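Peer 1: The following comprises the amino acid sequence and a computationally predicted model.
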Amino acid sequence: MRDIRRERHTGGKPNLRRFHQARWDEPIIFELSRQGQRGILVPEVEKGILDTVGDVPAKIPDNMRRERPPALPEISQPQVLRHYVRLSQENLGTDLNIDVGQGTCTMKYSPKINDQLAALPKMTDLHPLQDEETVQGILEILYRFEQILKEISGLDRFSLQPAAGSAAIYTNAAIIRAFHASRGELAQRDEVITTIFSHPSNAACARTAGFKVITLYPDERGYPDLEALKAAVSERTAGLMITNPEDTGIYNPKIAEFVQVVHEAGGLCAYDQANANGILGITRAREAGFDLCHFNLHKTFSTPHGCGGPGAGAVGVTRELACFLPVPTVEHDGKRYYLDWDRPDSIGKMGPFYGNASVVLKAYAWAMSLGAEGLRQVAEIAVLNNNYLLNLVQQIPGASAPYAKGKRRIEQVRYSWQALAEETGVHSEEIGLRAADFGVHYWTSHHPFVVPEPCTLEPTESYTKEELDEYAAILAHVAEEARTNPDLVRAAPHNSTIHSVDHDPLDDPSQWAVTWRAYLRKMGKSAHERIEE
Amino acid sequence: MPKESPKVYPYIPNSVPAVKEEMLRAVGARHVAEFYEDVPEELRLEGLMDLPEPFVSEYELKRHLQGLLARNRTAGECVSFLGAGCYQHHVPAVCDEVNRRGEFLTAYAGEPYDDHGRFQALFEYASMMGELLDMDVVNVPTYDGFQAAATAIRMAARITGRGQVLICATIGPDKLSKIRDYCQPGPDIELVGYDPRTGQMDLAALQAAISTETAAVYFENPSYLGFVQTQGNEISAMAHDHGAICVVSVNPISLGVLAPPAHYGGDIACGDIQPLGIHMQFGGGHGGFIATRDEPRYVLEYPSRLFGIAPTRVPGEYGFGDVAYERTSFAVREQGKEWVGTAAALWGITAGVYLALMGPQGMFEIGEAVMARARYAAMQIDKVEGVKAPAFSAPHFHEFVVDLNATNKTVTEINEALLARGIFGGKDLSHEFPELGQSALYCVTEVHTQGDLDRLVTALQEVVS
């Protein structure tokens, strides 16, 4: 027999995977429809009820009653299941891939036990308006998790209501607005300052909340520019809304001075802690002087990202700002847990009820599986992994890590393929699509591309040294292909579920189609014959 | 820096001391503290955080969480008549099976290639919602129905360039709170009253308030108080006569039986997908939809992602991508429309599974079933001495106001007594709608049998007598 194991290695190192993603070539769900099929039945109404009430829908006025049934597909249950399981296989979750390529998003392991606990009927079957006596367990979890976040941040009160990170950023902007309004200064203080390497939502949410946005660019070394901040603050400054470490993985060593400058100008400082994974137990919002902060529980606190939610955003504030938090807060009187709605200065409701409670449960379970020592291990290993990967990527010809030369980074790095692009004409996005052929996800970066030909890698604490070696080897291989066979890279992906998409229709109102019915209409089919065809 | 822990953590592979050492050596560092050289000493935390002792084994952790959860009494363990924005429906097993698949559950922001499944599933979700709503454009879900309503209103204000929005006063106060917050800056919010007998929007008051400054007229169907707003055509005509946009928030599970807003002049439909196969989760199962016609002036005002279908370079292969991406904050930061971020994609996929399972017949049957059961419940409750149900004369979907004023008991007292009998009574409206006095909002769905409803009526009789 041949030595298969030997064949899988070259020069003592494992070969790259001969990956091929599932390619089911699955029809659109409407194409599975067969008239009369049913996926699930609804409990029939008892005769005793029908005899009493008669035909209830008939009592709705004609104009408000649906004339024709909605043209939903008609599919039996096994076929619905099979369709969606096939689609699931055409998706690279963190459970499958070395998910270090989605920098800024902290794609760490989401422990299965936490998902199972959140799926218990004792959690799923709770209505939010139940009598408080019947929900003491979940209220205690919300309360306990708030205490944990208070210690991690050093701030005094938290709201777990915002449904995700950007909703929390918006909540911070709304609290800043309420604070200045309470002092009669809102008309004057209409500017929020952020940095270009803070998440775009800091700018966008501040703008949505009515502020003008001032965006600072880094100094030549890539650090947030204190002099630029000093030039930007004035009596019009409402607040500072920034990330630290920034999306470059660079920690702002002058962060306390930044906060001080804004405070002296009369503004508040909100700390976007989306990038907290590398600094848990190392440094906190409190010591840097922040007034507000937020954590993304689906990032730092391990809850699964769900293809883009549900997540949870936890907003923390100092004692002085606690009166503005959304209602209700969760309180404990020593015996029982309860919701406090009587908060007259509150900004009000950010969403229905109390936020994504089952996500909070998972985050609480994660924190309770680690404790203070474990959380510091999370941070330290995430940072070690990042600097280890940084070392590997910097050895790839054509790759670089702009800014902060010779310095270490915290939990992620924004790299640049500019040298490779200049040499080969192959762009960062194309490198990513080729990397997908080896079974990993890769993301360029948020716009604008201040770092040219960017990609942002964040290894978190969840990956082994060997997995980081593998990821770097894939990038090195693709970079080499860009030199030897650029057309192969440009035509990628080859082994993904589908091939390169023609993007032109997506920006053309006469062609774009956000629904199947719009597609059929634009393809010239009659709307009514589509199911029968 | 405190002394390093020798512990090895199951979720942290490189916590193995030998591996850690090897990696430190590879990067020329002696200690992880070197990576934090940019963090000033005075900002560093001395020692460990003061956190509770962890449950490091999975079993201990499970015991701890199960112990906490055991203190809950669930809607399934009792009989619950609570609704008011979060609804107890049967969740088909296939919905859970799909949304618990690790490939969906743990994915995030992959490309249309390595995450083709997510793009297709969300395109199909939007497509099925489009059929339900009879509209061509539906967003990738936003956070919840509150956000969907607030964004729909700001979209209308941007489209019309006008500064006033008229909202039917039967809206739930929590949602109104969200809209008021979200509309600063933005249009002024004015409430339009309702007929105390029927619950219907007061058209004379609407006529008096509406003008060429009106960006949108907003109402809900069914209303927060459960009845069907039957004047949809009249309200939308009045809005259109003044060049305003008609925004209608609907419960999607009603649309097998009730006409979608597009059929009575609604320009923007919005709402919450929680009823479509998503567990209540203490209010943590929400997702918001926004739907419009396929006109650029509408499409270009969405903040959300819109996934469109497009060809690939291989004939016969369906591909997907972002439609009009340049309108989003991902593309242009504060120049985008509001913002976009992580929201409720997994619930969108789940709602799609639900609609695919239910099909047109299932959606009709569930609408018919909840209406019949709710009607039965109201009729029986109405027979109880001193109790009137429904309080409004309009037709209802699956919620209705129960007027308890003549019982000389408060809703609090009645609900406490019902709870002692294993029943979660309807939501107390006495704070939200003081004009209704001691009234409660009851919700009945397909999970309630005739026996459950008769049990409620018997209990109410005991409690109020």
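Peer 2: Noted; the coordinates are in hand. Residues are numbered from 1 along each chain as shown, chains lettered A, B, ... in the order given.
Peer 1: does residue B:240 really touch residue B:246, like I thought?
Peer 2: Yes. The criterion here is C-beta atoms under 8 Å, and residue B:240 meets it with residue B:246 at 7.0 Å. No exception for glycine: its C-beta is placed from N, CA and C like everyone else's.
Peer 1: what touches both of the two?
Peer 2: When contacts are counted by C-beta atoms under 8 Å, 6 or more residues apart in numbering or on different chains, residue B:240 and residue B:246 have residue B:265 as shared neighbours.
Peer 1: Residue A:467 reaches residue A:99, doesn't it?
Peer 2: No. Taking contacts as C-beta under 8 Å, residue A:467 lies outside contact range of residue A:99: 9.8 Å.
Peer 1: Compare those two (neighbour count), which wins?
Peer 2: Here residue A:467 and residue A:99 are compared on neighbour count by other C-beta atoms under 10 Å in any protein chain shown; more neighbours surround residue A:99, at 30 against 20.
Peer 1: Could you count how many residues lie near residue A:95?
Peer 2: 18.
Peer 1: one step back: of residue B:240 and residue B:246, which one has the most company?
Peer 2: Between residue B:240 and residue B:246, counted using other C-beta under 10 Å, the more crowded position is residue B:246 (23 against 14).
Peer 1: Strands along the chain, start to end?
Peer 2: The chain I'm using is chain A. All strands of chain A, identified by DSSP state E, fall at A:9-10, A:13-14, A:157-159, A:191-195, A:212-216, A:237-243, A:268-272, A:292-296, A:313-317, A:329-332, A:337-340, A:413-416, A:454-457.
Peer 1: my bad, chain B
Peer 2: Taking DSSP E as the criterion, chain B contains strands spanning B:79-80, B:137-138, B:164-168, B:188-192, B:214-221, B:245-250, B:268-272, B:288-292, B:307-311, B:318-322, B:399-403, B:423-424, B:427-428, B:439-443.
Peer 1: With distance to residue B:178 and mean pLDDT as extra columns, can I get those strands in a markdown table?
Peer 2: Putting the strands of chain B into a markdown table (distance: least, C-beta to C-beta, whole Å; pLDDT from 0 to 100) gives the following:
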| stretch | distance to residue B:178 | mean pLDDT |
| --- | --- | --- |
| strand B:79-80 | 24 | 98 |
| strand B:137-138 | 21 | 98 |
| strand B:164-168 | 12 | 98 |
| strand B:188-192 | 11 | 98 |
| strand B:214-221 | 13 | 98 |
| strand B:245-250 | 12 | 98 |
| strand B:268-272 | 12 | 98 |
| strand B:288-292 | 11 | 98 |
| strand B:307-311 | 26 | 98 |
| strand B:318-322 | 27 | 98 |
| strand B:399-403 | 20 | 98 |
| strand B:423-424 | 25 | 98 |
| strand B:427-428 | 18 | 98 |
| strand B:439-443 | 19 | 98 |
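Peer 1: residue ranges with poor pLDDT in chain A?
Peer 2: Counting by pLDDT under 70, chain A has low-confidence residues at A:525-533.
Peer 1: Show the contacting residues for residue A:187.
Peer 2: Contacts of residue A:187 (C-beta under 8 Å, 6+ apart): none.
Peer 1: circling back to that earlier point, mind checking the strands of chain A for the one nearest to chain B?
Peer 2: strand A:212-216 (4.4 Å; C-beta to the nearest C-beta).
Peer 1: Please see if that closest one touches chain B.
Peer 2: Yes. Judged by C-beta under 8 Å from any C-beta of the partner chain, strand A:212-216 and chain B are in contact via A:213, A:215.
Peer 1: So which elements touch that strand?
Peer 2: The contact analysis (3 or more C-beta pairs under 8 Å, 6 or more residues apart in numbering or on different chains; DSSP states H and E) places strand A:212-216 against strand A:191-195, helix A:200-208, helix A:226-232.
Peer 1: of all those, which lies closest to chain B?
Peer 2: When these are compared for distance to chain B using C-beta to the nearest C-beta, the nearest one is helix A:200-208, at 3.5 Å.
Peer 1: Need the residues that contact that closest one.
Peer 2: Around helix A:200-208, the neighbours that count as contacts under C-beta under 8 Å, 6+ apart are A:165-166, A:169-170, A:172-173, A:192, A:194, A:213, A:215, A:239, A:241-243, A:272, A:446-447, B:329-330, B:333-334, B:336, B:338-341.
Peer 1: tell me the domain ranges of the chain?
Peer 2: In the absence of a named chain, this looks at chain A. Structural domains annotated on chain A: A:4-85, A:118-368, A:501-533, as defined by automatic domain parsing.
Peer 1: that's the wrong chain, I wanted chain B
Peer 2: Chain B breaks down by automatic domain parsing into domains covering B:13-68, B:79-88+B:362-464, B:93-354.
Peer 1: how long is the longest one from one end to the other?
Peer 2: Read that as domain B:93-354. End-to-end distance for domain B:93-354: 10 Å, by C-alpha to C-alpha, to the nearest Å.
Peer 1: Can you tell me the number of residues neighbouring the residue lying closest to residue B:120 once chain neighbours are set aside?
Peer 2: By the measure of C-beta to C-beta, 6 or more residues apart in numbering or on different chains, the closest residue to residue B:120 outside its immediate chain neighbours is residue A:87, 5.5 Å from it. Other residues lying near residue A:87 total 28 when counted by other C-beta under 10 Å.
Peer 1: So residue A:87 sits against residue B:117, correct?
Peer 2: Yes. In this structure, residue A:87 sits in contact with residue B:117. The criterion is C-beta under 8 Å, and the distance is 3.8 Å.
Peer 1: Now tabulate the strands of chain A in TSV and tack on mean neighbour count.
Peer 2: What follows is those, written out as TSV (neighbours: other C-beta atoms under 10 Å in any protein chain shown):
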stretch	mean neighbour count
strand A:9-10	10
strand A:13-14	12
strand A:157-159	24
strand A:191-195	27
strand A:212-216	18
strand A:237-243	27
strand A:268-272	28
strand A:292-296	30
strand A:313-317	30
strand A:329-332	18
strand A:337-340	17
strand A:413-416	26
strand A:454-457	24
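Peer 1: could you dump the ones you listed to TSV with distance to residue B:62?
Peer 2: Formatted as TSV, the strands of chain A follow (distance: least, C-beta to C-beta, whole Å):
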stretch	distance to residue B:62
strand A:9-10	40
strand A:13-14	36
strand A:157-159	25
strand A:191-195	42
strand A:212-216	46
strand A:237-243	35
strand A:268-272	33
strand A:292-296	24
strand A:313-317	24
strand A:329-332	23
strand A:337-340	22
strand A:413-416	37
strand A:454-457	34
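Peer 1: out of these, nearest to residue B:205?
Peer 2: Comparison of the strands of chain A against residue B:205 by C-beta to C-beta identifies strand A:337-340 as nearest, at 34.1 Å.
Peer 1: Sheet partners, orientation included, of the closest one?
Peer 2: Based on DSSP bridges, the strands next to strand A:337-340 in the sheet, each with its direction, are strand A:329-332 (antiparallel).
Peer 1: Check the offset of the strand it pairs with from the chain's centre.
Peer 2: Computed by C-alpha atoms, centre = their mean, to the nearest Å, the chain-centroid distance of strand A:329-332 equals 27 Å.
Peer 1: Show residues contacting that strand.
Peer 2: Contact partners of strand A:329-332, identified using C-beta under 8 Å, 6+ apart, comprise A:139-140, A:142-143, A:146, A:157, A:159-160, A:337-340, A:343, A:354.
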